[in-house]
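Colleague: How does the following fold in three dimensions:
(one chain, ligands or ions: 1)
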Amino acid sequence: MDFSIPPELNDLAARVRRFVDDEVIPLENEIDVEAGDIAAIAELRAKAKAEGLWAPHLPREFGGQDTGLMGMCLVFEQAGRSLLGPLALNCAAPDEGTMHLLLMAARQAQLEQYLTPLANGEIRSCFAMTEPAPGGGSDPTMLRTRAERRGDSWIINGDKWFITGADGASFSVVCAVTDPDAPAHSKASLFIVDTDNPGFRVVRRTPVMGSGGAGGHCEVELNDCEVADDAMLGGEGEGFKLMQVRLGPARLTHCMRWIGVAQRSLDIAASRALEREAFGGTLAEHQSIQWMLADSEMDLYASRMMTLHAAWRISEGDQARQETSACKVFVAEAINRVIDRSVQILGALGVTQYTPVELFFRDARAFRIYDGPSEVHRMVVARRILRRAADGRQATGLTGVAGGLVGE
Ligand SMILES: Cc1cc2nc3c(=O)[nH]c(=O)nc-3n(C[C@H](O)[C@H](O)[C@H](O)COP(=O)(O)OP(=O)(O)OC[C@H]3O[C@@H](n4cnc5c(N)ncnc54)[C@H](O)[C@@H]3O)c2cc1C
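Modeller: Prediction:
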């Protein structure tokens, strides 16, 4: 086993780190990320392109750096140290996930019409799966949004909410039921819907805890929304399969960016601990502060290892469902612990807006809910453990499901 990092990746990650430190962080208080105004960061994006840092995840033919999923672990962490970083490099959610989905499922004409401008940073996208109750949320098989065939078109009707980036997006990938009588996981299909379609309406940005991100988290109404047959992404009934294609790696890329945020919180807390004095010495001299710092370091170490391993499993061609679920739960909870400890070490300063940690704290909470709440991923992980036990199989590999440590 070899954990050494290829020099070119180390170099790219170091250059992204410098870019975020020198160019992005100084602008954090000047640019309103929530406005979703791409023009506001045009200069920053031009610099990222000029320095060969643009869209690290994309193949070179789409202007990216072709890092592969494991390389993304290193580079996205550095980009993630500022909430503005991924946007500056065009590797922010949800666009990065949409780009991946289009690469995997789009036809040539769809690639040209949607992926090319998205990859160039000319437009934004959104992904519309979740519905308000009683529709599909944690359980996507409860989807109610319906697409019905009419001649050469599909007519889509339904309500979505929490659609990140919808306000100002140029197109949305919409998940809708195309065959209610099909087996649960073959009922739905994906459609690319232009947001200027008269049947697509952003009702409002839902007010949320945290910054909301570019374009907010929106309620969306599809009302007799007519799209041509060729708006379908992938095949009919492939909606759930393709959602997994999108969400598997997307869960990991969220982990990568959040590890960067949490590391920066820890760095800020550690610097403060060295300066601030209380009870006859610096905070850093008190053992309980040292333990908080050490616990955060360990949380981040484990988070990085799990993310890298899950990324490696996907790179090897496996869906890595057990690994991505375990990783998503662990990292979402670990980064929340790290940021919470950082607030504690900062004391009152931690709840002010004089450091970014306060915003990180508010933004990070939702990561335990989106892309599958912790409880649902724990359920998925436990199911495999129980299946294994019921079949009398041994645990194999680092996650107990594969990889050849025992008997393979
Ligand atoms: C900031 C943010 C951004 C988002 N962006 C998008 C987006 O761009 N596109 C999109 O489609 N969706 C998006 N979502 C929606 C997100 O994916 C859903 O919130 C998530 O899937 C959970 O669905 P729900 O909120 O309807 O929870 P519900 O289904 O109502 O579940 C509520 C709670 O019940 C518990 N629970 C559910 N199932 C189980 C179970 N089996 N066992 C035990 N407990 C359980 C969990 O604690 C869960 O949090 C976003 C959400 C947030 C918060």
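Colleague: Give me every residue in this structure lying close to the ligand.
Modeller: Applying Cβ under 6 Å from any ligand atom, one finds that the chain approaches the ligand through 94, 127-130, 137-138, 162-164, 217, 366, 369-373, 375-376, 379. Quick note: C-beta positions are derived from backbone N, CA and C, even for glycine.
Colleague: Pull out the buried members of these.
Modeller: Listed as buried from the residues of the chain next to the ligand are 94, 127-130, 137, 162-164, 217, 366, 370-373, 376; burial here means 16 or more other Cβ atoms under 10 Å.
Colleague: Inside helices: which ones of those?
Modeller: Among these, the members falling in helices (DSSP state H) are Val376.
Colleague: Remind me what whichever strand or helix holds Ala332 packs against, helices and strands.
Modeller: Assigned by DSSP states H and E, Ala332 falls within helix 321-346. With contacts taken as 3 or more Cβ pairs under 8 Å, 6 or more residues apart in numbering; DSSP states H and E, helix 321-346 sits against helix 239-275, helix 287-315, helix 357-364, helix 374-391.
Colleague: Quick check: which of those helices is nearest to Gln322?
Modeller: helix 374-391 (5.3 Å; Cβ to Cβ).
Colleague: just the angle between the closest one and helix 321-346, please?
Modeller: Angle, helix 374-391 to helix 321-346, by axes from the mean of the first three to the mean of the last three Cα atoms, to 10 degrees: 140 degrees.
Colleague: list the helices and strands helix 374-391 packs on?
Modeller: For helix 374-391, the packing partners by 3+ Cβ pairs under 8 Å, 6+ apart are helix 321-346.
Colleague: Can you check what angle separates the helix it packs on from helix 239-275?
Modeller: Going by the same axes, to 10 degrees, helix 321-346 makes 30 degrees with helix 239-275.
Colleague: Name the residues of helix 321-346 that come out as buried.
Modeller: In helix 321-346, counting by 16+ other Cβ under 10 Å, buried: 321-332, 334-343, 345-346.
Colleague: for stretch 100-110, same thing?
Modeller: His100, Leu101, Leu102, Leu103, Ala105, Ala106, Gln110.
Colleague: Quick one: mark the members of those residues that sit in helices.
Modeller: His100, Leu101, Leu102, Leu103, Ala105, Gln110.
Colleague: hmm, back to that, need the winner for burial among the helices and strands packed on helix 321-346.
Modeller: Stretch with highest mean neighbour count among the helices and strands packed on helix 321-346: helix 239-275 (a mean of 22; mean count of other Cβ atoms under 10 Å).
Colleague: Verify the stated contact: Pro308 with Gly71.
Modeller: Quick fix: residue 308 reads Leu, not Pro. No: between Leu308 and Gly71 there is no contact under Cβ atoms under 8 Å: 10.3 Å.
Colleague: Contacts only, for the closest residue to Leu111 other than its chain neighbours.
Modeller: Using Cβ to Cβ, 6 or more residues apart in numbering and skipping the chain neighbours, the partner closest in space to Leu111 is Leu102 (6.3 Å). Leu102 makes contacts with Gln110, Leu111, Tyr114, Leu115, Leu118, Leu233, as judged by Cβ atoms under 8 Å, 6 or more residues apart in numbering.
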